[in-house]
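Undergrad: A structural model of the following input is requested.
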Amino acid sequence: FLNFDMNASLFHSHGKPVMLQELYVQDISPPGLAEAQGWWLIGRGYNLLTYFTYSYYYEGKRAGLPLVFGMFDKEGNAYPCYPSFKQFSADLRQFHATYDAPSLRRVEPRVAVLMSDDMSLANILESGGATWNALGVQGHNGSYWLTERNGYAVEFVNDDSLHGLDRESVLIVPWSHVLRASTTHRVLRFAKRGGTVLIDGAFAQFSDCYRAHTPGPGYGADEDLGIRCSGLDRDENAITVGNGTPIASRGIAHDLQLSDDVTVLHNDTHGRPAVVERRLGRGRVIWLLTALGPMNRTRAPDTQALDLWGGLLATSGLRPRVRFSAHEIHVAEAVDLDHGGKGLKSTVPLPDVSARIRDDRELFVFAVSFFGASEGEIVVELPAGDVTVTDALSGETIVSTRQGDQLHVPLKLAAFGSRVVRIVSTSGSKLFRKW
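TA: Coordinates of the predicted model:
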């Protein structure tokens, strides 16, 4: 998820098309995988996908390597997902011909996540190249999942592109103990101009030359934020919310000093300030002095962490424009998703929706359910205007309902199921122009 979203974000921000070459499946891949991953990528802005379609047995024999990608086994039998690949290929050809997929633009993200060059280097240096163990990488992954699972598309920015944020309302700064001065100032300037900055964990404790700021954060950020500390360690901690339930976090600020106008939103289990807020210029900065990201770096974040993160995002006034609302989570442990019981079993589903727009009058919602079956509703923020809702591939009318400023579209998907929903303004008005 993160890698594909990041690549799409970087290419689209430069006005360039993005494609994926050599997307492959295996003999243990679930039957619907090709369609699910294909439509998910189309929804994310990838207009051209290519697959391996040759026999891995003969290619492996020729090359002297045990190649495992392809769609036929050594006896010539098709993989379980081969019918899905054929169906997706035909449907995508029809979709391109009918709607001119490259002309669809993605919904502009309103939340950005910072990936600084200094932290990228620090992750390598501090982990000896095993960057998946670096706290910066773990914090970045977690902040992405907490944001994405709350229904928000994510824009990725680095030091150079940070100044180009225009439609974004929120800037998330994952664990960033190493930062250069210009990036620190740009982060704070985003808040001063009216945005909301969400800092998750360490922030500007060290310069880009690894010189410690004591007290920190450095470059005068302590004055802007009204917060000073001698350091922020990496110990496990927990944030308490209204009902007193602890939410796992990482980091403890030492010798913490807060100015009088800093509001403490939540404490940790020891009564220390854990989440604080300060108005800055026309905007605000929310700082999680003990980070949620590093403790929630999987596709299924802790539900209370997810709620807390979503509530903090909502303080900016944002609401997801398109999201999936699940009725319940169903795990069918006994059901195999492959042809022989030797691969993936049904597990907690990962439902996801993404959206693209044509001519500001049509919204295409790409819905998939990875790993397990999902049932619920696609919820679209649509304050005004009459629309028709159909299946983009079959043309079948889909019954939808209005609930205030929201359009609710029922959705039921099998494991690795997918559906493309088309929502069209009947008046011809450009309902999605500001999206």
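Undergrad: Which parts of the longest helix along the chain count as buried, going by neighbours?
TA: Ranked by residue count and defined by DSSP state H, the top helix of the chain is helix 82-99. Of the residues in helix 82-99, those buried by neighbour count under the rule 16 or more other CB atoms under 10 Å are 82, 84-85, 88-89, 91-92, 95, 99. Where C-beta positions appear, they are placed from N, C-alpha and C, glycine not excepted.
Undergrad: Also stretch 100-110?
TA: Residues of stretch 100-110 classed as buried: 101, 104, 106-107, 109-110 (neighbour count, 16+ other CB under 10 Å).
Undergrad: could these go into TSV alongside pLDDT, distance to residue 186 and secondary structure?
TA: Shown next, in TSV, are the buried residues of stretch 100-110 (pLDDT from 0 to 100; distance: CB to CB, whole Å; DSSP: H, G, I helix; E, B strand; the rest coil):
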residue	pLDDT	distance to residue 186	secondary structure
101	87	35	helix
104	93	31	coil
106	86	24	strand
107	87	25	coil
109	89	18	coil
110	92	18	coil
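Undergrad: And the furthest pair within those residues?
TA: Among the buried residues of stretch 100-110, the pair separated by the greatest distance (CB to CB) is 101 and 110, at 23.5 Å.
Undergrad: And residue 287, how close does it get to residue 195?
TA: Distance, residue 287 to residue 195, by CB to CB, to the nearest Å: 14 Å.
Undergrad: With neighbour numbers in mind, choose between these two.
TA: residue 287 (25 against 22; other CB atoms under 10 Å).
Undergrad: Show me what the more buried one is bridged to.
TA: For residue 287, the beta-bridge partners under DSSP bridges are residue 199, residue 276.
Undergrad: Find the nearest non-adjacent residue to the most centrally placed residue in the chain, please.
TA: Note on the chain: the residue nearest the mean C-alpha position is residue 148, at 3.3 Å, using CA atoms, centre = their mean. Closest residue to residue 148 apart from its sequence neighbours, by CB to CB, 6 or more residues apart in numbering: residue 154 at 6.1 Å.
Undergrad: quick one: residue 432 is in a helix?
TA: No. Going by DSSP: H, G, I helix; E, B strand; the rest coil, the assignment for residue 432 is coil, not a helix.
Undergrad: List every C-alpha atom in the host helix or strand of residue 274, with coordinates, as CSV.
TA: For residue 274, the element it lies in under DSSP states H and E is strand 273-280. Taking Å, rounded to 0.1, in the frame of the first residue of the first chain, the C-alpha atoms of strand 273-280 are listed here in CSV:
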residue,chain,number,x,y,z
PRO,A,273,1.7,15.2,29.1
ALA,A,274,1.5,12.9,26.1
VAL,A,275,-0.5,14.9,23.5
VAL,A,276,-0.3,18.6,23.5
GLU,A,277,-1.5,21.4,21.2
ARG,A,278,-0.6,25.0,20.6
ARG,A,279,-2.0,27.6,18.2
LEU,A,280,0.6,28.9,15.8
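Undergrad: helices or strands up against that strand?
TA: helix 181-192, helix 221-225, strand 231-240, strand 263-267, strand 283-288 (3 or more CB pairs under 8 Å, 6 or more residues apart in numbering; DSSP states H and E).
Undergrad: what residue ranges in the stretch 201-350 of the chain are flagged as low confidence?
TA: Within the stretch 201-350 of the chain, the stretches with pLDDT under 70 are 328-347.
Undergrad: Would you map the helices across the stretch 201-350 of the chain?
TA: 221-225, 303-314 (DSSP state H, counting those that start in this stretch).
Undergrad: quick one: the longest one to strand 231-240, angle?
TA: Read that as helix 303-314. 110 degrees (axes from the mean of the first three to the mean of the last three CA atoms, to 10 degrees).
Undergrad: Just the CA atoms from helix 303-314 would do, formatted as CSV, please.
TA: C-alpha atoms of helix 303-314 as CSV (Å, rounded to 0.1, in the frame of the first residue of the first chain):
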residue,chain,number,x,y,z
THR,A,303,-8.7,0.4,17.1
GLN,A,304,-8.3,2.9,19.9
ALA,A,305,-5.2,4.3,18.4
LEU,A,306,-7.1,4.6,15.1
ASP,A,307,-9.9,6.5,16.8
LEU,A,308,-7.5,8.8,18.6
TRP,A,309,-5.6,9.6,15.4
GLY,A,310,-8.8,10.2,13.5
GLY,A,311,-10.0,12.6,16.2
LEU,A,312,-6.8,14.6,16.0
LEU,A,313,-7.1,14.8,12.2
ALA,A,314,-10.7,15.9,12.5
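Undergrad: So what touches that helix?
TA: Contact partners of helix 303-314, identified using CB atoms under 8 Å, 6 or more residues apart in numbering, comprise 111, 146-147, 149-150, 152, 170, 196, 198, 239, 241, 245, 247-248, 266, 275, 286, 292, 295-296, 301.
Undergrad: Separate out the buried members of those residues.
TA: Buried subset of the contacts of helix 303-314 (neighbour count, 16+ other CB under 10 Å): 111, 146-147, 149-150, 152, 170, 196, 198, 239, 241, 247-248, 266, 275, 286, 292, 295-296, 301.
Undergrad: Where strands are concerned, which of these count?
TA: Judged by DSSP state E, strands contain the following of the buried ones among the contacts of helix 303-314: 111, 170, 196, 198, 239, 247-248, 266, 275, 286.
Undergrad: Pipe those residues into a markdown table and attach distance to residue 39 per row.
TA: A markdown table is the format used below for these (distance: CB to CB, whole Å):
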| residue | distance to residue 39 |
| --- | --- |
| 111 | 23 |
| 170 | 28 |
| 196 | 32 |
| 198 | 31 |
| 239 | 37 |
| 247 | 34 |
| 248 | 34 |
| 266 | 39 |
| 275 | 37 |
| 286 | 35 |
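Undergrad: Could you work out the most separated pair of those?
TA: With CB to CB as the measure, no two of those lie farther apart than 196 and 248, at 24.0 Å.
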